[in-house]
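Visitor: sharing a model that was predicted from the sequence below.
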Amino acid sequence: MFRVSFIFIILGFTCVSCISKDKNKVVDSKETIEALLQARYNKFLNYKVDSTAFARSYNPKTTTIKKVPSENWTSGFFAGSFWQIYMLTGNEGFKDKAEEWTAYIEKEKHNDRTHDMGFKVFCSFGNGLKVEDNQNYKDIIIKSAKTLSTRFNDKVGSIRSWDFNADIWQFPVIIDNMMNLELLFEATKISGDSTFHKIAVKHANTTMKNHFREDHSTWHVLDYDTNSGQVRGRVTHQGINDNSAWARGQGWAINGFTTVYRYTKDKKYLDRAVKTANFFINHKDLPKDGIPYWDFSHPDIPNVSRDVSAATVVASALVELYQYTKNEAYLNYSKKVVNSLKSSNYILPKDINIPFILDHSFGDWSKRHEMDEPIVYGDYYFLQTLLRLKALK
């Protein structure tokens with residue numbers, strides 16, 4: 001096994017991670033880390049292209065890669081990572097592989113059984129458009145927006161997130177869904193059809209009205225009554241309990257509302273992002289290195305796992321939020337996260353032949369899997385943060 005093993009204490013819902021306390025013990029030179037990053041990037045090139053094997057996560061106990069088809073909500077992160085590595089390095093090999101992986105996601109433009117269209121299609125084809133003006137990519141984004149729009153309920157004022165647990169929920173909406181609005185906004189920009197923009201705004205308004213607590217943290221899942229449009233319940237699916245501040249959920253909110261402000265320039269969305277960002281970066285239980293525990297409300301902090309993916313989702317958002325607010329605290333947080341992650345404490349060793357960059361992301365507590373592992377969206381938002389910081393220079 002390539003890292004210090006960790007112990008999960010099921011009783012008390014405690015996960016004692018090998019990185020739960022002081023994370024900055026290893027000091028690496030800049031040259032060493034850059035060489036290590038390049039080595040990790042090359043692992044992506046060595047991974048065989050397969051339409052059924054998008055790399056989602058890696059289990060160090062079984063030394064197996066979790067491979068998923070394009071319909072999985074994480075497929076776009078993997079394809080998108082190739083595009084982003086290409087933008088960082090200029091290595092044409094990553095562009096070629098990005099095109100291959102992205103092509104396998106096209107069929108998802110017809111998939112109306114999921115709200116994750118933005119994650120899948122925009123993280124892949126959207127990044128492709130940043131590299132080249134491709135009309136086919138634009139057409140796929142527009143079709144995907146049309147498909148996603150079929151999940152919008154005007155009575156509720158939101159896009160339906162999930163179809164499972166129908167015996168429990170009438171119309172579940174998760175905070176993650178804010179991240180799929182970028183696809184809709186871009187579809188309007190490309191097509192000139194304002195329908196997509198209007199749906200995105202309505203969803204953002206409903207989420208802003210109902211999803212946040214007085215301390216500016218967010219619930220994970222809201223269930224709506226389809227007849228009245230009123231909230232039936234506020235619960236969690238991946239947090240430690242219904243009233244907890246699940247770390248990545250806070251990140252989805254900050255990132256999502258920052259994005260909505262980008263397209264609307266309506267200050268209320270900026271204010272929403274700022275308030276939740278301040279909750280996150282000023283939280284008393286945020287570790288000094290900026291990498292949060294997977295749930296701010298976990299009763300066993302500090303003896304619980306961190307979540308690199310939550311840190312990178314927020315770090316990426318705060319580079320953009322800094323540009324709108326000029327609040328140095330946001331840029332400082334993003335830089336701190338990158339500096340923390342650019343170490344052998346978090347970057348995987350050179351000899352681990354898997355297409356991942358970072359260790360110590362936290363997946364789904366409800367299923368008790370992908371807890372403290374390399375996970376694709378941790379890498380994706382890390383790369384996005386690097387690109388956004390680079391663009392500031």
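Guide: All right, it came through fine.

Visitor: any idea how far stretch 184-203 is from the middle of the chain?
Guide: 21 Å (C-alpha atoms, centre = their mean, to the nearest Å).

Visitor: between its first and last residues, how far does it reach?
Guide: Counting by C-alpha to C-alpha, to the nearest Å, you get 11 Å between the two ends of stretch 184-203.

Visitor: tell me which residues in that stretch are buried?
Guide: By neighbour count on 16 or more other C-beta atoms under 10 Å, the buried set for stretch 184-203 is 184-188, 190-191, 196-197, 199-203. Where C-beta positions appear, they are placed from N, C-alpha and C, glycine not excepted.

Visitor: stretch 100-111 now?
Guide: 101-106, 108-109, 111.

Visitor: so which of the buried residues of stretch 184-203 sit within helices?
Guide: The helices, defined by DSSP state H, take in 184-188, 190-191, 196-197, 199-203 from the buried residues of stretch 184-203.

Visitor: which pair in the residues you listed has the greatest spatial separation?
Guide: By the measure C-beta to C-beta, 190 and 202 form the most distant pair in these, at 19.9 Å.

Visitor: follow-up on the earlier one: closest one of the buried residues of stretch 184-203 to residue 42?
Guide: Relative to residue 42, the closest of those is residue 186; by C-beta to C-beta it sits at 31.1 Å.

Visitor: pretty sure that closest one contacts residue 141?
Guide: Yes: applying C-beta atoms under 8 Å as the test, residue 186 and residue 141 come out as touching, 6.1 Å apart.

Visitor: overlap in contacts of these two?
Guide: Between them, residue 186 and residue 141 share these contacting residues under C-beta atoms under 8 Å, 6 or more residues apart in numbering: 122, 126.

Visitor: sec struct for residue 354, please.
Guide: Classification of residue 354 using DSSP: H, G, I helix; E, B strand; the rest coil returns coil.

Visitor: quick one: residues contacting the closest residue to it other than its chain neighbours.
Guide: Excluding the flanking residues, the one nearest residue 354 by C-beta to C-beta, 6 or more residues apart in numbering is residue 58, at 5.0 Å. When contacts are counted by C-beta under 8 Å, 6+ apart, residue 58 is found next to 64-66, 354, 356, 373-374.

Visitor: which among those residues end up buried?
Guide: Buried among the contacts of residue 58 (16+ other C-beta under 10 Å): 65-66, 354, 356, 373-374.

Visitor: quick one, helices of the protein?
Guide: Taking DSSP H, the helices of the chain run over residues 30-45, 75-89, 92-103, 117, 127-131, 135-149, 181-191, 195-210, 247-264, 267-281, 308-325, 328-341, 376-392.

Visitor: what's in contact with the fifth one?
Guide: The contact list for helix 127-131 (C-beta under 8 Å, 6+ apart) reads 79-80, 83-84, 86-87, 95, 98-99, 102, 134, 137-138, 141.

Visitor: can you check the second one too?
Guide: Helix 75-89 has contacts (C-beta under 8 Å, 6+ apart) with 38, 41, 44, 54-56, 68-69, 91-92, 94-95, 97-98, 101-102, 104-105, 108, 119-124, 126-128, 130-131, 355, 376-377, 379-380, 383-384, 386-387, 390.

Visitor: do that again at 7 Å, thanks
Guide: Residues outside helix 75-89 that contact it (C-beta atoms under 7 Å, 6 or more residues apart in numbering) are 41, 44, 54-55, 68, 94-95, 97-98, 101-102, 105, 119-121, 123-124, 127-128, 130-131, 376-377, 379-380, 383-384, 386-387.

Visitor: buried among those residues? Need that as a selection in ChimeraX.
Guide: Selection of buried members from the contacts of helix 75-89 for ChimeraX, criterion 16+ other C-beta under 10 Å:
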select :41,44,54,55,68,94,95,97,98,101,102,105,119,120,121,123,124,127,128,376,377,379,380,383,384,386,387
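
Visitor: related to what we said a few turns ago, for the helices of the chain, which one sits closest to residue 169?
Guide: Closest approach to residue 169 among these (C-beta to C-beta): helix 195-210, 14.6 Å.

Visitor: so how far is that closest one from its chain's centroid?
Guide: Its chain's average C-alpha position is 20 Å from that of helix 195-210, according to C-alpha atoms, centre = their mean.

Visitor: other SSEs contacting it?
Guide: With contacts taken as 3 or more C-beta pairs under 7 Å, 6 or more residues apart in numbering; DSSP states H and E, helix 195-210 sits against helix 135-149, strand 158-159, helix 181-191, helix 247-264.

Visitor: picking up where we left off before, buried ones among the contacts of helix 127-131?
Guide: Among the contacts of helix 127-131, those scoring as buried are 79-80, 83-84, 86-87, 95, 98-99, 102, 137-138, 141 (criterion: 16+ other C-beta under 10 Å).

Visitor: what's the closest of those residues to residue 348?
Guide: residue 84 (17.3 Å).

Visitor: which pLDDT value goes with that closest one?
Guide: Residue 84 is assigned a predicted lDDT (pLDDT) of 98.

Visitor: likewise for residue 196?
Guide: pLDDT for residue 196: 98.

Visitor: okay, it and residue 114: tell me how far apart.
Guide: With distances taken as C-beta to C-beta, to the nearest Å, residue 196 is found 17 Å from residue 114.

Visitor: how about residue 275?
Guide: Distance of residue 275 to residue 114, given as C-beta to C-beta: 29 Å.

Visitor: more neighbours, those two?
Guide: Neighbours were counted for residue 275 and for residue 114 using other C-beta atoms under 10 Å; residue 114 has more, 20 against 17.

Visitor: the more buried one and residue 177, how far apart?
Guide: Separation of residue 114 from residue 177 (C-beta to C-beta): 11 Å.

Visitor: now swap in residue 327 and tell me
Guide: According to C-beta to C-beta, residue 327 and residue 177 sit 26 Å apart.

Visitor: and those two? which has more neighbours close in?
Guide: For residue 327 versus residue 177, the count of surrounding residues by other C-beta under 10 Å is larger for residue 177: 26 against 15.
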